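Student: My questions concern the predicted model and sequence given below.
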Amino acid sequence: MKIHEYQAKELLKEHGISVPLGKLASSVEEAVAAVRPLIEASGNKVVVVKSQIHAGGRGKGRFKEYPNLGGVNVVLDGLKGGIEAAEAKVKELAQQMLGSTLVTIQTGPDGKQVNKLYIEQGVDIDRELYLSIVLDRGQSRNIIMASTEGGTEIEIVAEETPEKILWETIDPAIGLANFQASRLALGLGLTGDAKKSGVNFLLALAKAAQDLDADLVEINPLVVTKQGKVMALDGKMSFDDNSLFRHKDIATMRDLSEEDPAEVKADEYGLNFIKLDGTIGCLVNGAGLAMATMDTIKHVGGEPANFLDVGGGATTENVTAAFKIITEDPSVRGIFVNIFGGIMQCDVIATGVVEAVKEVGLKVPLVVRLEGTNVKAGRKIIDESGLKVVSAIDMKDGAQKIVELAK
Amino acid sequence: MSVLVNKDTKLIIQGLGRFGHFHADKSIAYGTNIVAAVHPSKAGQIATFEGETDHSGVANRADRYKEEVPIFATVRDAIKATAANATVIFVPPPFAADAIMEAVEAEIPLIITITEGIPIMDMVKVKSYMEGKQSRLVGPNCPGVITPHECRIGIMPGYIHQAGKIGVVSRSGTLTYEAVFQLTNNGLGQTTAIGIGGDPVNGTNFIDCLKMFNEDPETKGVIMIGEIGGTAEEEAADWIKANMTKPVAAFIAGTTAPKGKRMGHAGAIISGGKGTAADKIAALESAGVVVAQTPSDMGDAMLEAMKKA
């Protein structure tokens, strides 16, 4: 689960990690009202207005409505004109940014609507660094990665100058050890107060990542201020969905407006659903089979409209919901139900499909392929339902049939 | 011969909820020897399983079965009383890591974890806990392990299996069934089919299974089924190139998966440009593996690999 920058910074701050002062604003008035207290508390006359969307590349991104306006704006007007000038500029920016659509390298060409702004104090930056914590699947442990190339995408650094990436493995029983944090800080060229501040920052961040079940923490840039303090200028966190049962507070941070409505609805029924651009709706059990079904549809000349794994524990109700989600997509011109029952029983799937068709009707061709646990009972339910269903003998046969029928 | 499980496997079941009970029943119907169950609050009771025998499983059995399985409070107690040598875990995700560690501590040789949705950090801790210990973990989030007509552990449909000469190893449950069914239909059959699971942190990996199959005299070829995410398939390809003496076929799911989207399995995600199906297919092909174009071609790919060898 992804969260916004302002939420990540709240969590980081709660865990003793240094972040700039900031205030969330959902309206122009709130944005303007945030300026004075920030400048007064920080003593820095610069403020930054940052778009809050679940996508990176905001600084370099541009608004559809204002092609010259970026997603992150540094307001320097306060330096000469005082607080009132800063407020006037923030007002102008907030009026343009709120409700407008920001397009970044990560949003795709449609962009994302900006509904919230984060107004943050300016920071006197001495150096920009990079820091992240991710799972290293090879070691089955989290690693903390750091680089002196702050502000640059880590993939580019890894490609061009891999020697500039420092990393340490985090032992799950011990956490990041002090000597490891110290080694990283030295590698980043931190000395004196900045080194002390950096070590504390690294230790607290590693602990927060583990305690919160974060599957990604990325601080880019991590900055060293002119006062020698190490601080998270940006903060990106995402969490292991499977751990949210023990992090109720984090679960409430989910922003449904950032997600596809059909995906949100599917999630309520415990379905793994991802909307795609094609015309063939897929209802499949198992993630691997669901992916392979998409691949096969494409292989025989069609385009899948979705990835949908009903999972192993689905009930008839879940299957009915899944079927409805597919039929509600106007681009769907045919539906392929592909089931190889293991933990999932074919009769449950068959009943769910029949119920759904009874409820919402069937306006497009339907191909069903059933195999596995309780397959005989499943086929019987479909046969006796009187539905206009085309049966398939295997996955490729089913894919060919549905692609042909949907033409 | 076979790997991991056979007719001598004595199985414990941890987690007797709806799914655990349903699939324990299917395993008994298939002929699997379930000797005990573990449930702290039901210790001393008996779990009764009865129904119609699955005649695709162990041969020469009566048409109906009735098994009374004793329930123990701990894995240690269950092993002490029954000399069990394997356990299957259906415990719900919040408690599954603890169940695995309990089994490890009791030194049971084989732990097969079916549970889907265990937090990654829990599995990181489990892996760390298992270092230097004797047990082998298969899974989590996997369909289990089956040696046809001898022992079924997990959730796979028994009837699709047929004893034969191919070792099957897969990250995906349902794609394992696809491969197995095709191998049954084309007459090659299976020695053992192993689901290693779709999580980013798991126990047994591709290379462990390839090694076992390479050493098993009955196994004449191996099919491995991978998917996007991570680099396990690439590492397996390197191992095959250097060590494998038997023909290998493969399928990789997710050729059409979009970047940055988690395709159901926690481990199936293309991130930072790594873990694409194209990279994996290229690595496998360069190791001499026959890669099936679609999952419906897995059986044919295996036949082709056998012919080439």
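Tutor: That came through fine. Numbering: from 1, shown residues only, chains lettered A, B, ... in the order given.
Student: measure the residue of the stretch 51-200 of chain B found nearest chain A to A:Leu202 for me?
Tutor: Closest approach of the stretch 51-200 of chain B to chain A (C-beta to the nearest C-beta) occurs at B:Ser172, with a separation of 2.2 Å. Every C-beta, even on glycine, is put in place using the N, C-alpha and C of the backbone. The gap separating B:Ser172 from A:Leu202 is 38 Å, by C-beta to C-beta, to the nearest Å.
Student: out of those two, which sits in the more crowded spot?
Tutor: Set B:Ser172 next to A:Leu202 and count neighbours by other C-beta atoms under 10 Å in any protein chain shown: B:Ser172 wins out with 33 against 28.
Student: Could you check how many residues crowd around the nearest residue in space to the more buried one that is not next to it in sequence?
Tutor: Leaving aside its sequence neighbours, B:Ser172 sits nearest to A:Gly288 (C-beta to C-beta, 6 or more residues apart in numbering or on different chains; 2.2 Å). A:Gly288: 32 surrounding residues under other C-beta under 10 Å.
Student: Next: A:Val157.
Tutor: Other residues close to A:Val157 by other C-beta under 10 Å number 19.
Student: Could you do the one 4 residues further on as well?
Tutor: The number of residues packed near A:Thr161 is 13, by other C-beta under 10 Å.
Student: Likewise for A:Ala377?
Tutor: There are 15 residues near A:Ala377, going by other C-beta under 10 Å.
Student: gap between it and chain B?
Tutor: According to C-beta to the nearest C-beta, to the nearest Å, A:Ala377 stands 13 Å off from chain B.
Student: The nearest residue to A:Gly342 once chain neighbours are set aside: what's it in contact with?
Tutor: Leaving aside its chain neighbours, A:Gly342 sits nearest to B:Ile155 (4.7 Å; criterion: C-beta to C-beta, 6+ apart). The contact partners of B:Ile155, taken as C-beta atoms under 8 Å, 6 or more residues apart in numbering or on different chains, are A:312, A:342-343, B:19, B:23, B:26, B:114, B:143-144, B:173.
Student: among those, which two are most distant?
Tutor: Within these, B:Lys26 and B:Gly173 form the most distant pair, 14.4 Å apart (C-beta to C-beta).
Student: These two: which is more packed in?
Tutor: Neighbour count, other C-beta under 10 Å: between B:Lys26 and B:Gly173, B:Gly173 has more, with 31 against 22.
Student: Would you agree that one is in contact with A:Ala290?
Tutor: No - assessed by C-beta atoms under 8 Å, B:Gly173 is found out of contact with A:Ala290, at 11.3 Å.
Student: Report how many residues lie close to A:Lys214.
Tutor: One thing to correct before we go on: residue A:214 is Ala, not Lys. 28.
Student: Show me what from the stretch 1-150 of chain A comes close to chain B.
Tutor: A:106, A:135, A:137-138, A:140-142 (C-beta under 8 Å from any C-beta of the partner chain).
Student: Now with 10 Å, please.
Tutor: A:106, A:134-142 (C-beta under 10 Å from any C-beta of the partner chain).
Student: which of the residues you listed has the weakest pLDDT?
Tutor: When the residues of the stretch 1-150 of chain A next to chain B are sorted by pLDDT, the bottom entry is A:Gln106 at 87.
Student: What is the neighbour count of residue 65?
Tutor: Answering for chain A, as no chain was given. A:Glu65: 13 neighbours (other C-beta under 10 Å).
Student: Chain B is the one I meant
Tutor: 17.
Student: can you check A:Ala33 too?
Tutor: That count, for A:Ala33 with other C-beta under 10 Å as the rule, works out to 15.
Student: which ones are touching it?
Tutor: Going by C-beta atoms under 10 Å, 6 or more residues apart in numbering or on different chains, A:Ala33 touches A:23, A:25, A:27, A:87, A:90, A:119.
Student: just B:Ser170 next, same as before
Tutor: A:288, B:142-143, B:176-180, B:193-198, B:206, B:209, B:223-227, B:250-251, B:253.
Student: got it, and B:Lys165?
Tutor: B:183, B:187-191, B:216, B:218-221, B:246, B:302, B:306.
Student: Apply 6 Å and report the result again.
Tutor: B:Lys220 (C-beta atoms under 6 Å, 6 or more residues apart in numbering or on different chains).
Student: do the same with A:Val300
Tutor: A:399-400, A:403.
Student: Most neighbours among the residues you listed, which one?
Tutor: Busiest of the contacts of A:Val300 [other C-beta under 10 Å] is A:Ala399, holding 31 neighbours.
Student: which SS state does it fall under?
Tutor: Secondary structure state of A:Ala399, per DSSP: H, G, I helix; E, B strand; the rest coil, is helix.
Student: Got phi/psi on the nearest residue in space to it that is not next to it in sequence?
Tutor: Closest residue to A:Ala399 apart from its sequence neighbours, by C-beta to C-beta, 6+ apart: A:Thr296 at 4.4 Å. The phi and psi values for A:Thr296, taken as degrees, to the nearest 10, are phi -70, psi -40.
Student: what's next to the helix or strand harbouring A:Gln210, contact-wise?
Tutor: A:Gln210 belongs to helix A:192-211 when assigned by DSSP states H and E. For helix A:192-211, the external contacting residues (C-beta under 6 Å, 6+ apart) are A:15-17, A:133, A:144, A:170, A:175-176, A:181-182, A:184-185, A:190, A:217, A:224, A:228-230.
Student: So which bits of it are buried?
Tutor: Within helix A:192-211, the residues that qualify as buried are A:194-210, counting by 16 or more other C-beta atoms under 10 Å in any protein chain shown.
Student: Just the helices from the stretch 151-300 of chain B, written as ranges.
Tutor: Secondary structure of the stretch 151-300 of chain B (DSSP state H, counting those that start in this stretch): helices at B:173-185, B:206-215, B:232-243, B:277-286, B:298-308.
Student: Cross the contacts of B:Ile155 against helices and list the overlap.
Tutor: In this view, the contacts of B:Ile155 that belong to helices under DSSP state H are B:19, B:23, B:26, B:173.
Student: Tabulate these (a markdown table), appending pLDDT.
Tutor: Formatted as a markdown table, the ones in helices among the contacts of B:Ile155 follow (pLDDT from 0 to 100):
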| residue | pLDDT |
| --- | --- |
| B:Phe19 | 86 |
| B:His23 | 91 |
| B:Lys26 | 93 |
| B:Gly173 | 89 |
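Student: nearest to A:Ser257, of those residues?
Tutor: B:Gly173 (34.0 Å).
Student: Quick check: closest non-adjacent residue to the closest one.
Tutor: B:Pro143 (3.7 Å).
Student: Spit out the contact partners of that neighbour.
Tutor: A:342, B:154-156, B:173, B:176, B:195.
Student: same check, this time on A:Glu87
Tutor: Per C-beta under 6 Å, 6+ apart, neighbours of A:Glu87: A:32, A:35.
Student: and B:Tyr65, which of the three is it?
Tutor: strand.
Student: beta partners of it?
Tutor: Beta bridges link B:Tyr65 to B:Gly51 when assigned by DSSP bridges.
Student: Tell me the spacing between it and A:Ala322.
Tutor: 35 Å.
Student: quick one: low-confidence parts of the stretch 101-250 of chain B?
Tutor: Scanning the stretch 101-250 of chain B for pLDDT under 70 picks out no residues.
Student: Up against chain A, what does it have?
Tutor: B:117, B:119-121, B:124-125, B:127-128, B:143, B:155-157, B:172-175, B:177, B:198, B:200-201, B:227, B:230 (C-beta under 6 Å from any C-beta of the partner chain).
Student: Could I get the contacting residues of A:Lys89?
Tutor: Per C-beta under 6 Å, 6+ apart, neighbours of A:Lys89: A:75, A:77.
Student: circling back to that earlier point, mind listing which of the contacts of B:Ser170 are in strands?
Tutor: B:193-195, B:223-227, B:250-251, B:253 (DSSP state E).
Student: Good, we can wrap up now.
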